[in-house]
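Chemist: Fold the following, please.
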Amino acid sequence: MQSINQAEEQDKTPATFCVRVRSILSLVTVEPLMFLFVFPSMLLTLSIVNLHMDKACRVNLQLNASVCDGLSQRNSSMYTSEEENMVQRMVANMNMWKAVIQSVLPPCLLLMLGAWSDKHNRRKLLMGFPIVGEVITVTGFILCTYFFYELPMEVTGVVESLPTSATGGWFVMFMAVYSYVGAVSTLESRTLRIGALKICATGSIMVGTAMSGICYRLIGLYGIFSTALFLFVVGLIYTVLVIREVGTAAPQANKSTYTSYKDFFNYQHMKSTFYFAFKRRDGNRRARMFVSFVLLCLTFGPVQGETSVVYLFIRKR
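Modeler: Numbering: from 1, shown residues only. Modelled structure (predicted):
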């Protein structure tokens, strides 16, 4: 009798394990998309900076080929400190106006997109926007590399900043995926799923950053850009085919799909967002929000500024 019970328990164990695995996989929604968006973005970082420096050296400043080769190979015997300073100053000056584009456009989009998404319960479209921007950007990088001497460094700066900023970039993507997870999760699983999503994003950043330099040395610019483009396209396909819109309200009789998308550009969304953020609240909550905004600016502002020049600083050291 005891052996029969043990046999039944052994038969149930694989089934129980499969059920648990199936239940865990059923909870996976936007986590692969987060990896397919964040990882290639970080994989591109060092390659983009090196492309800017190479363009500044060979095209804008038209320095000697041996000097530019030395800068690319980090062979200090082939160039002087002043020559590297000239190249870095040009790249740093470009980073200033590039940072303005990357910092101004996405928050303006968020003011409209957040309210529009909440009103129409559409989040899938907001996940696709940033990926399309990244696909355009990486395609532009490939063209800038192919037409290397025809296109100056400023063109690559515009290619890097404008498409991603005009489609929201990381701002819109993170807003969309966290909003989606909040909509599809129960109260009991919401904290766990948001934590898992954060771990996925942080892990993708670490792995992408660690591999960016290695891959740049092994496969070069074309290899990096082609890999990133492939991953972004896979992410876009995953968004279209796998992710399902959740909680979409039934269309009203007097409103078409065209009217719904036309409402995307309604300035009232921006007005309602400002009103919700700054309306009077009990317990000095509005003052606390103002203080939080100031602290965020003081915290993330220097970090963003340092990030744009940290690689240039490390090269000098």
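Chemist: okay, which residue is most central for this protein?
Modeler: Centroid-nearest residue in the chain, with C-alpha atoms, centre = their mean: W170, separated by 3.6 Å.
Chemist: That one contacts F129, correct?
Modeler: No: counting by C-beta atoms under 8 Å, W170 does not reach F129; the two are 11.7 Å apart. Every residue, glycine included, has its C-beta placed from N, CA and C.
Chemist: quick one: common contacting residues for those two?
Modeler: Common contact partners of W170 and F129 (C-beta atoms under 8 Å, 6 or more residues apart in numbering): none.
Chemist: Show the contacting residues for the residue nearest to the centre of the chain.
Modeler: W170 touches S41, P106, P130, counting by C-beta under 8 Å, 6+ apart.
Chemist: hey, which helix or strand in this structure has the poorest pLDDT?
Modeler: Lowest on mean pLDDT, DSSP states H and E among the helices and strands of the chain sits helix 2-26, with a mean of 57.
Chemist: in the protein, which spans are helices?
Modeler: Using DSSP state H, the helices assigned to the chain run over residues 2-26, 31-43, 45-55, 65-73, 81-120, 124-146, 153-166, 169-184, 190-241, 257-262, 268-278, 285-316.
Chemist: Which of those helices has the lowest mean pLDDT?
Modeler: Set side by side, these show their lowest mean pLDDT on helix 2-26, which sits at a mean of 57.
Chemist: and L63, how many residues sit next to it?
Modeler: L63 has 18 neighbours, counted by other C-beta atoms under 10 Å.
Chemist: go on, G305?
Modeler: When neighbours are counted by other C-beta under 10 Å, G305 comes out with 13.
Chemist: Ok, L125 next?
Modeler: If we define neighbours as other C-beta under 10 Å, then L125 has 16 of them.
Chemist: and the gap between it and S72?
Modeler: Note on L125: its distance to S72, by C-beta to C-beta, to the nearest Å, is 41 Å.
Chemist: Contact partners for the nearest residue to Y180 once chain neighbours are set aside?
Modeler: Nearest residue to Y180, sequence neighbours excluded (C-beta to C-beta, 6 or more residues apart in numbering): R123, at 4.6 Å. By C-beta under 8 Å, 6+ apart, R123 lies in contact with S117, A176, S179, Y180, A183, E245, V246.
Chemist: quick one: which of the residues you listed is most hemmed in?
Modeler: Counting neighbours by other C-beta under 10 Å, A176 leads the contacts of R123 with 26 neighbours.
Chemist: my guess is that residue contacts M127, does it?
Modeler: Yes: in this structure, A176 is within contact of M127 by C-beta under 8 Å, at 4.6 Å.
Chemist: Quickly list the domain ranges of this structure.
Modeler: The chain breaks down by automatic domain parsing into domains covering 29-245+256-267, 280-317.
Chemist: circling back to that earlier point, okay if I get the contacts of W170 as JSON lines plus neighbour count and distance to F148?
Modeler: Shown next, in JSON lines, are the contacts of W170 (neighbours: other C-beta atoms under 10 Å; distance: C-beta to C-beta, whole Å):
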{"residue": "S41", "neighbour count": "23", "distance to F148": "23"}
{"residue": "P106", "neighbour count": "23", "distance to F148": "29"}
{"residue": "P130", "neighbour count": "27", "distance to F148": "27"}
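Chemist: Go through those residues and name the one nearest S76.
Modeler: Proximity of the contacts of W170 to S76 was ranked by C-beta to C-beta; the top entry is S41 with 30.6 Å.
Chemist: quick one: the closest one and Y178, what's the gap?
Modeler: 17 Å.
Chemist: now swap in M127 and tell me
Modeler: 11 Å.
Chemist: More neighbours: those two, which one.
Modeler: When M127 and Y178 are compared for neighbours, M127 comes out ahead with 26 against 18, by other C-beta under 10 Å.
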